[in-house]
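Engineer: following is a predicted model, sequence given first.
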Amino acid sequence: MADAPAPARGTFFQRFLLPSLALKGVIIGGGYATGRELAEYFLSHGPVGAILAMIVATIVWSVVAAITFALAFQLRAYDYRTFMGELLGRGAIAFEICFLLFSVLLLAVFGAAAGEIATSVLGTPPLVGTLALAVCIAVICGIGEKAVETMFKYVSIALYSIYALFLVLALSSFGERIDAAFEAGGISPGWAVSGVTYGIYNIVGAVMILPVLRHLGSRRDGVIAGLIAGPMAMIPALAFVVAMAAFLPEILNERLPSDLLLERIGSPAFQVAFQLMVFGALLESGVGVIHALNERVARVIGDGEERPALRWFRPVFTVVVLAGCMFVANRIGLVDLIASGYRLMAFFFLFTFMLPVLTFGLIRLLRTSRRRTAIEDA
């Protein structure tokens, strides 16, 4: 594919921070936001082992995101169908099948989690929370790209603020226990494997947020944005893991570690604020998934152009997908079916996305760089 003319450069926020916030938004939903995934993949290796595993996962995210973002700019591939088609050719169908199943699972889980939040905060039936999340996602995705970018910006500000306050309250409430946990040390075997596994498991989010990369002005912008994305996505997790270390090992068996910590902090007002933040995290993740699917289908229908038909198509498509994933999937048992193969899908993503990006994608970037250097030196 020949390089297309470069788009107009976006603002500093759009080029460097928006991709990071979008990737964080997709990653943080579900288990990350409640602390369940963090306990399983990180804290199970002890406080020090958890930090080491997080460093490994952050490196995986940054490296893969940097190459993905730079390659997306070079190919002008800002939806996952175009990007994977350029990367894998006909083999892209294997990625898409896995990606669609993964998206169904994520949206169903997000809907269930939103229902639990509504029950916990408002005492309403779970359906109220699920509907509220579906409506918010549909409205934002239906309005279009500008609304999506605005949502990532302002929800991220609230999210980072709540996590910062969460760490401050944890240190003031049970800081001595946190100090004792880290002083005791403890690194169980397998922390590196867990870090890599968690990194692979989540970095598929890099292709979900390709639509927000349209503001990049160069491949260099993409590399910088990708390198920033890893730490930005892991910072809230670091605050969470530090707080959770105070209650090892019992917290490893908690279904929702966040609930245990909030009870120990003992602030009803902050507990509500934290639950609302989790809802915001689910909203970010849900919007990221739906926006990726929207752009994929819109590319086929509109041939890459914003035709009038797409103005009504996006909200209608969003509602149909959300209805199927959040309500029907649980009833027919599809979620259980996919969940049983969750690690298998992570395995598929390793071979259909991560490794191709680190090999074919990187080679393609380097070849283009050498060709441009040769032309400039001639």
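Structural biologist: That came in fine, so what should we check first?

Engineer: next SSE after the lengthiest helix in the chain?
Structural biologist: Longest helix in the chain by number of residues (criterion: DSSP state H): helix 145-184. Using DSSP states H and E, the helix or strand that follows helix 145-184 in sequence is helix 191-203.

Engineer: right, and the helix or strand after that following helix?
Structural biologist: That would be, after helix 191-203 and using DSSP H and E, helix 205-208.

Engineer: next one: that following helix to chain centre, how far?
Structural biologist: 7 Å (Cα atoms, centre = their mean, to the nearest Å).

Engineer: show me what it is packed up against.
Structural biologist: Here helix 205-208 touches helix 18-28, helix 46-75, helix 80-88, helix 268-302, going by 3 or more Cβ pairs under 8 Å, 6 or more residues apart in numbering; DSSP states H and E. Yep, even glycine has a C-beta here, placed from its N, CA and C like the rest.

Engineer: the second one versus helix 145-184: what angle between them?
Structural biologist: Pointing back at helix 46-75 there. In terms of direction (axes from the mean of the first three to the mean of the last three Cα atoms, to 10 degrees), helix 46-75 departs from helix 145-184 by 150 degrees.

Engineer: mean confidence (pLDDT) on helix 46-75, please.
Structural biologist: In this model, helix 46-75 has an average pLDDT of 96.

Engineer: which other helices and strands contact the longest helix of the chain?
Structural biologist: helix 18-28, helix 46-75, helix 126-143, helix 219-244, helix 257-265, helix 268-302.

Engineer: report the buried residues of the fifth one.
Structural biologist: The neighbour-count criterion (16 or more other Cβ atoms under 10 Å) identifies 257-262, 265 as the buried residues of helix 257-265.

Engineer: I'd like these laid out as JSON lines, including pLDDT.
Structural biologist: JSON lines is the format used below for the buried residues of helix 257-265 (pLDDT from 0 to 100):
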{"residue": "P257", "pLDDT": "89"}
{"residue": "S258", "pLDDT": "89"}
{"residue": "D259", "pLDDT": "87"}
{"residue": "L260", "pLDDT": "91"}
{"residue": "L261", "pLDDT": "94"}
{"residue": "L262", "pLDDT": "93"}
{"residue": "I265", "pLDDT": "94"}
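
Engineer: one step back: for the longest helix of the chain, what is the distance to the chain centroid?
Structural biologist: Computed by Cα atoms, centre = their mean, the chain-centroid distance of helix 145-184 equals 17 Å.
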